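Participant: sequence plus the predicted model coming up.
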Amino acid sequence: MATSRTDPLTLEVVELIGTVVARYYEEYEQAAAQHALTGAQARVLGLLSLDPLPMRRIAQKLKCEPSNITGIVDRLEARGLVERRPDPDDRRVKLAVPTDEGLDTARRLRDSLDFAREPLGELTEGERTLLRDLLRRMLGADVA
C-alpha cells in the first residue's frame, strides 16, 4: 500500500531527516574549521582517506562539478594533505591520494565528529543494521 506524500508520518520522517542532515553538516563544518579546512575540503579528504580517486569520480560521489574538485584538491595539495599520482591502470588519469599527514588529518577529523556516532552508539547492532538497510533502500542505486 503506497503512502501519501502528505501523510503525517511521512512529513515527520522527512522533517527528522532534514534535521539530522542539517546538524551533521553544522558539526562537520565546525570540525573542519578546527583543522583549518572548509567543509568541502574535509569531505574530499575524508573520501580520499578511504580510497584514492580521480577528480571525475570524486565529483560524481559528491555530486558537484569536476572543476570544483580540481580547486579543492589544489588547495589540499598546497597544504601537503593530498598529492596527485598517475593511475597505475591508466597513466593518462591522475589520482588524488592522501599523504600521511592527510590520512592523519582525516582520522582526527572523523574522531572529532560526535553527532552521528554518539546517538548511533546508543542503538543496538540490530537497530543500526536496520537503519543502514533502510537508508540504502531509500537511496537505491545512488549508494556506492
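Facilitator: Structure's in. What do you need?
Participant: pLDDT-wise, which helix or strand of the chain ranks last?
Facilitator: Within the chain, no helix or strand scores below helix 117-121, which has a mean of 74 by mean pLDDT, DSSP states H and E.
Participant: following element in sequence after the helix ranked longest in the chain, please.
Facilitator: Counting by DSSP state H, the longest helix found in the chain is helix 8-34. Sequence-wise, the next helix or strand downstream of helix 8-34 (DSSP states H and E) is helix 39-50.
Participant: packing partners for that next one?
Facilitator: If you count contacts as 3 or more CB pairs under 8 Å, 6 or more residues apart in numbering; DSSP states H and E, helix 39-50 packs onto helix 8-34, helix 55-62, helix 66-78, strand 82-87, strand 90-98, helix 100-111. Where C-beta positions appear, they are placed from N, C-alpha and C, glycine not excepted.
Participant: so the most centrally placed residue in the chain versus Pro88, what's the distance?
Facilitator: Central residue of the chain (CA atoms, centre = their mean): Arg43, 5.0 Å from the mean position. Distance of Arg43 to Pro88, given as CB to CB, to the nearest Å: 25 Å.
Participant: got it, and Asp74?
Facilitator: 23 Å.
Participant: low-confidence bits of this protein, can you list those?
Facilitator: The chain contains residues with pLDDT under 70 at 1-4, 115-117, 141-144.
Participant: switch to 80 and redo it
Facilitator: The model of the chain has pLDDT under 80 over residues 1-5, 114-121, 141-144.
Participant: so the residue nearest to the centre of the chain sits against Tyr28, correct?
Facilitator: Yes - Arg43 lies in contact with Tyr28 (CB atoms under 8 Å); the separation is 7.4 Å.
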